[in-house]
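A.B. asks: Compute the structure for the input listed below.
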Amino acid sequence: MAKRGLRAGAISAAAIAAAVAGGIAAERAFVRRDRSRADPFAKEAYGSVRGASIGPIPSFDGTLLNVEQAGSGPTVVFSHGFSLNLTLWHHQITGLAEDMRLVLYDHRGHGRSGRPESQDWSLEALARDLHAVLSETTGDGPAVVVGHSMGGMTALKYCELFGEQIGRRVGGLVLVDTTAADVMGGVLYGAGRRARAVSQALQEGLMRALTGRADTVDRMRANGSSIAYLSARFFGFGPSPSPAQVDFVERMLAEVPSEVWERLLPTLLGFDVTTVLPVIDIPVLIIVGSHDRLTPPGASVRMARAIPGAELVVLKGAGHSSMLERHEEFNDHVRRFVARVAATTTR
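C.D. replies: Down below sits the predicted model:
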């Protein structure tokens, strides 16, 4: 009996190992096939297109922020999302610089910006960073702020903290694939208690996995994997995305140290700036991909209903990276919006 039990255990273990190996092999095969698809952006120099440096600009707590600019015309400040950097705005730098002055910056702990010695990773700190950038780069006239995901949350927190600057320093907002409340709340809006409990458990598990293991996690992320590619593809894009764009986003995600994830993720889970939405009295354009899984279109619809006069644009087929996936449409909407805001603020 004992021998039979041992043999059965060995067979079960072997079966599990074979299933895992088969799953990994299938995953890698899918990624190879996906990356080999015809891609009109295969030769695009993602990650290398930047503005000219006008930083570093010190923030309220001494954190040095990398700030760059390109083009001329009305000033438009671009604020990127979590674990990305200012090169995210590749197609905006190449497509909009003839019509406007683009100011781009890296959030604290991202890209070429420094990490805060104060260890302040709050949404308020991010908003104060935006305030520092605006104060140093906008001159006398109001600017348009374009915020993607965490950058959009930062812009809304700025409106909450610096209400007196709305209309004077900031003349318009473009909120891109973002939300005004808890990121997971947006994903699970209307879900039952069980789904929310599972989400909370996953969040807590992620934080435990990161805590105290940043170096180990960073080594794993730096090696790259098909799982990282698939995660970027699923959460960052709509159906059939450009493999080059997925690789681009995956590289940006991998470059931000896990310590920054550990410090900053709690800021994005459970935040709520919805009370400021009804008092935003400047033009607002909200852009969201129809297939955005991280900040679904419903979150944008709720913001559009709450902000007086807000315009909502849903880009069909795009996911959480609409500025890449549908960059021509995206740029057209931003170009028209900036021209409209500039016409009203220069009268």
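
A.B. asks: Would you indicate which residues of the helix or strand encompassing residue 227 are buried?
C.D. replies: Residue 227 is part of helix 226-236 when elements are defined by DSSP states H and E. Of the residues in helix 226-236, 226, 228-230, 232-233, 235-236 count as buried by neighbour count, 16 or more other C-beta atoms under 10 Å. For glycine as for every other residue, the C-beta is placed from the backbone atoms N, C-alpha and C.

A.B. asks: Out of those, the closest to residue 252 would be?
C.D. replies: residue 232 (9.0 Å; C-beta to C-beta).

A.B. asks: ranges for the helices of this protein?
C.D. replies: Per DSSP state H, the chain carries helices over the ranges 2-35, 90-96, 123-137, 150-161, 183-187, 193-210, 214-223, 226-236, 243-255, 258-268, 297-306, 322-325, 327-345.

A.B. asks: separation between the closest residue to residue 283 other than its chain neighbours and residue 155?
C.D. replies: Leaving aside its sequence neighbours, residue 283 sits nearest to residue 172 (C-beta to C-beta, 6 or more residues apart in numbering; 4.5 Å). Noted for residue 172: a distance of 11 Å to residue 155, by C-beta to C-beta, to the nearest Å.

A.B. asks: Could you tell me which residues touch both of these two?
C.D. replies: Residues touching both residue 172 and residue 155 (C-beta atoms under 8 Å, 6 or more residues apart in numbering): residue 145.

A.B. asks: tell me the domain ranges of this protein?
C.D. replies: 1-36, 52-345 (automatic domain parsing).

A.B. asks: Tell me which residues are up against stretch 105-116.
C.D. replies: 55-57, 59, 61-68, 77-80, 83-87, 121, 125-126, 129, 133, 150-151, 154, 255-257, 260, 263-264.

A.B. asks: May I see the ChimeraX selection of the buried members of the residues you listed?
C.D. replies: Command for ChimeraX that selects the buried part of the contacts of stretch 105-116, burial taken from 16+ other C-beta under 10 Å:
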select :55,56,57,59,63,64,65,66,67,68,77,78,79,80,83,84,85,86,87,121,125,126,129,133,150,151,154,255,256,257,260,263,264
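
A.B. asks: low-confidence ranges in this protein?
C.D. replies: 1-27, 30, 184-225, 346-347 (pLDDT under 70).

A.B. asks: give me that answer again for 50
C.D. replies: By pLDDT under 50, the low-scoring segments of the chain are 5-11, 13-23, 186-211, 213-214, 216-217, 220-221.

A.B. asks: tell me, what residue is most central in it?
C.D. replies: residue 81 (2.5 Å; C-alpha atoms, centre = their mean).

A.B. asks: which residues sit in contact with the closest residue to that one other than its chain neighbours?
C.D. replies: Once flanking residues are discounted, residue 81 sits nearest to residue 149: 3.2 Å by C-beta to C-beta, 6+ apart. For residue 149, the contacting residues are 80-82, 176-178, 294-295, 320, by C-beta under 8 Å, 6+ apart.

A.B. asks: Out of those residues, which end up buried?
C.D. replies: 80-82, 176-178, 294-295, 320.

A.B. asks: Among these, which ones are in strands?
C.D. replies: Of the buried ones among the contacts of residue 149, the ones assigned to strands by DSSP state E are residue 176.

A.B. asks: can you put the buried ones among the contacts of residue 149 in a markdown table and add distance to residue 38?
C.D. replies: Output for the buried ones among the contacts of residue 149, formatted as a markdown table (distance: C-beta to C-beta, whole Å):
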| residue | distance to residue 38 |
| --- | --- |
| 80 | 28 |
| 81 | 28 |
| 82 | 31 |
| 176 | 27 |
| 177 | 26 |
| 178 | 31 |
| 294 | 27 |
| 295 | 29 |
| 320 | 23 |
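
A.B. asks: so, if you compare the buried ones among the contacts of residue 149, which one comes nearest to residue 327?
C.D. replies: Using C-beta to C-beta, the buried ones among the contacts of residue 149 come closest to residue 327 at residue 176, 11.7 Å.

A.B. asks: Pull the contacting residues for the closest one.
C.D. replies: Counting by C-beta under 8 Å, 6+ apart, residue 176 makes contact with 146-149, 151-152, 287-288, 322-323, 330.

A.B. asks: now residue 237
C.D. replies: 245-246, 249, 291, 318-321, 325.

A.B. asks: Kindly report the same for residue 31.
C.D. replies: Contacts of residue 31 (C-beta under 8 Å, 6+ apart): 226, 229-230.

A.B. asks: swap in residue 324?
C.D. replies: 88, 90-91, 242, 245, 248-249.

A.B. asks: top of the contacts of residue 237 by neighbour count?
C.D. replies: Using other C-beta atoms under 10 Å as the neighbour criterion, residue 321 leads the contacts of residue 237 with 30 neighbours.
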